[in-house]
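[1] Predicted structure and sequence below. I'll ask about it afterward.
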Amino acid sequence: MLKIILSTVLSIFTATALLMVFYWRDLHFDPTAKDILIYFLWIPLGISCLVLMPYLAWKWYQHKKQKEEIAQNEAQNAVEANEPLPKTEVEQIELNIYSTSLLSQLGSNEELVAKIAKGVAPDLDKDLIGHDGERLLSYRIDETYFEDVAEQHLDVLPLQVRMMNLITAHFKENRNIFSSIAKQLKESALFYDTQLAYQYKMHPAWIGEDYDASEDIEEPIAEKVQKLDQLNLLILLPSTLQYSWNELATTEMCESYLDELGILSEQINIEYHYCSERSAYHKLVELCQSNTQDLSEISFILAVESEIDQDTLDGVMSVGADYIPSEFIGSCCISSASIVFENIPVLKQVFIQLEQKDLAQTLSIFHLTDLSQYEEDEPFVIIPDDMRTPKANKKVIKNFESTPIEIHHLIYTKFSLGSTEQLSKVFGFLAGLHIPHTLTGFFYSLDLPEVQVVIKPKPEDDHEHI
């Protein structure tokens, strides 16, 4: 504003002075001191006032209006401060966990979580090098994990070959849960679906070695069981693989393995979800919510990520001596907590509260305010976020400030995956499922600050609360 006024006044004074000087010179006029004072001071000053008056009036009106708005906002804020905050309805997702498995270079399951809590450094990788030609540190899974099932797949990139071998080994490790699902699917079909029942009776996995096609098939007695129509295999992959991942090859591999266990392809639904670091936790919660609404379905969520591949690292411009590639594979088998399958025992239960800002209220709802574990030093809360900034620390601490949970109860999983981080939040969630069975676990991420996750032992092991 001051700049505009000064430039306007200076311009008018200069223009008036030049005009009078040239005018008087042409008339050969010799001005007196009075003439100079009038034409060089008072007239320019008067013209400046006339020119600036509308602008000054407009600025005064704006300033007055702004002051009124500030006063009004302050009054409104004062009223709102004295009013109770409106209560939002808390939506709750209740899950049964039938199996969970997690593997990285640090180990598997409970051992892995224990090492994360202690902090374990990466190893010098045997093959990978950075842009500077130096060997990189990495969290590489030992190849002995999948050497028995390793295969070469045509039309598949080397990184996907490694990840598919990890998946195959992981399926083999989780054979028991798939066998239990297969049995439940078969018994459900025998009771509820005649067409599927016939296919199960004729499936090689359910026919004994001494089967004779010329003999009549003995009809098994169908007993009423909890209905199960479909197995959802939900595969989470990093978004960087969205346009290079061969879904057909992966689907054929998965269906072939499940067929060997006696699961009909008609009852298998395979979905691929490609996630970034920011979207992974959102997608996981969305899948937990949507895939537990149908009470006749069970879902196996599989997450796998790897950067243990030189070609992949060569495409990452930031790869230097401080870049730490890693890999992991993990899974959990879930369904709605409102159903019980005769052939699939419950391992744990997970409760996800949406639109819940108050963790203390969550603890009260589940009668978790007086657990003895709060008095111990053993950690039981998973935090998957990058905590290197004071702002992030402040937000996390605020979530727990009105609860008996202390800072030493928190486990930070972010850096156990080095620089490979697109599915790091999913990794953290799966790590939370491996909190010791004697403890109630919690999971909290700043990606969804109004979501509280409680991980409870299976009901018969839960002695301290409901």
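    Received it, and whenever you're ready, just let me know what you need. Numbers count the residues shown, from 1 in each chain.

[2] When you work out contacts or count neighbours from here on, use the C-alpha atoms and nothing else.
    Noted.

[3] max-length strand in the chain?
    What stands out as the longest strand in the chain, according to DSSP state E, is strand 91-104.

[4] partner strands of the next helix or strand after that one, parallel or antiparallel?
    Sequence-wise, the next helix or strand downstream of strand 91-104 (DSSP states H and E) is strand 107-108. Neighbouring strands of strand 107-108 in its sheet, by DSSP bridges, are strand 91-104 (antiparallel).

[5] Which segments of the protein make up each domain?
    2-82, 91-208+217-461 (automatic domain parsing).

[6] starting at the chain centroid, how far to the longest strand of the chain?
    15 Å (C-alpha atoms, centre = their mean, to the nearest Å).

[7] Show me the contact partners of it.
    108-109, 112, 139-141, 174, 177, 288-289, 292, 327-338, 344-355, 430-431, 433-434 (C-alpha atoms under 8 Å, 6 or more residues apart in numbering).

[8] pLDDT averaged over the longest helix that the chain contains - what is it?
    Using DSSP state H to define each element, the chain has its longest helix at helix 43-82. When pLDDT is averaged over helix 43-82, the result is 76.

[9] Stretch 153-161 now?
    Per-residue scores along stretch 153-161 average to 85.

[10] Likewise for stretch 299-311?
    For stretch 299-311, mean pLDDT is 96.

[11] Same question for stretch 16-36.
    Mean predicted confidence for stretch 16-36 is 80.

[12] Do a quick rundown of the helices in this structure.
    For the chain, the helices defined by DSSP H occupy 2-27, 33-37, 43-82, 109-118, 158-173, 175-192, 194-202, 247-260, 280-290, 310-314, 359-365, 390-400, 424-432.

[13] Show me what the longest one is packed against.
    Just to be clear, that refers to helix 43-82. Packing partners of helix 43-82 (3 or more C-alpha pairs under 8 Å, 6 or more residues apart in numbering; DSSP states H and E): helix 2-27.

[14] tell me the angle the helix it packs on makes with helix 43-82.
    170 degrees (axes from the mean of the first three to the mean of the last three C-alpha atoms, to 10 degrees).

[15] can you pull the buried residues of helix 2-27?
    I5, T8, V9, I12, F13, T16, A17 (16 or more other C-alpha atoms under 10 Å).

[16] by contact count, what packs against it?
    helix 43-82.

[17] gap between the helix it packs on and the chain center?
    So, by C-alpha atoms, centre = their mean, the centroid of helix 43-82 is 47 Å from its chain's centroid.

[18] cool, stretch 195-212 as well?
    Chain-centre distance of stretch 195-212: 42 Å, with C-alpha atoms, centre = their mean.

[19] middle-most residue in this protein, spatially?
    The chain has Y281 as the residue nearest its centroid, 1.8 Å off, counting by C-alpha atoms, centre = their mean.

[20] what residues are up against that one?
    Counting by C-alpha under 8 Å, 6+ apart, Y281 has contacts K425, V426, D447, L448.

[21] my guess is the first one meets H282, correct?
    No - counting by C-alpha atoms under 8 Å, no contact exists between K425 and H282, whose distance comes to 9.5 Å.

[22] If you count surrounding residues, which of those two has more?
    Neighbours were counted for K425 and for H282 using other C-alpha atoms under 10 Å; K425 has more, 27 against 15.

[23] ok now do the more buried one, which residues does it touch?
    E277, A280, Y281, P384, D385, K414, S445.

[24] and the last one, what is it in contact with?
    This points to S445. I383, P384, D385, K425, V451.

[25] what pLDDT does A213 get?
    Looking at A213, its pLDDT is 49.

[26] scratch that, K391
    pLDDT at K391 comes out at 92.

[27] Measure how buried it is and give me the count.
    If we define neighbours as other C-alpha under 10 Å, then K391 has 9 of them.

[28] Show the contacting residues for H408.
    Contact analysis of H408 by C-alpha under 8 Å, 6+ apart lists D377, E378, P379.

[29] Which pair of the contacts of Y281 spans the longest distance?
    V426 and L448 (12.9 Å; C-alpha to C-alpha).

[30] For those two, indicate the residue with more neighbours.
    Taking neighbours as other C-alpha under 10 Å, V426 and L448 compare with V426 leading, 26 against 14.

[31] My guess is the more buried one contacts S279. True?
    No - V426 is beyond contact range of S279, at 10.2 Å (criterion: C-alpha under 8 Å).

[32] okay, the nearest residue to A303 once chain neighbours are set aside: pLDDT?
    Among residues not flanking A303 along the chain, L236 sits closest, at 4.6 Å (C-alpha to C-alpha, 6 or more residues apart in numbering). Looking at L236, its pLDDT stands at 98.

[33] In contact with L236, which residues?
    L236 touches Y272, H273, Y274, C275, I301, L302, A303, V304, counting by C-alpha under 8 Å, 6+ apart.

[34] From L157, how far off is A249?
    For A249, the distance to L157 (C-alpha to C-alpha, to the nearest Å) stands at 11 Å.

[35] same check, this time on R140
    In terms of C-alpha to C-alpha, R140 sits 18 Å off from L157.

[36] same check, this time on F442
    Counting by C-alpha to C-alpha - F442 and L157 are separated by 38 Å.

[37] These two - which one has more neighbours?
    Using other C-alpha under 10 Å as the criterion, F442 and L157 rank with F442 on top: 24 against 14.

[38] ok, now which ones touch the more buried one?
    Contacts of F442 by C-alpha under 8 Å, 6+ apart are F380, V381, I382, G432, Q452, V453, V454, I455.
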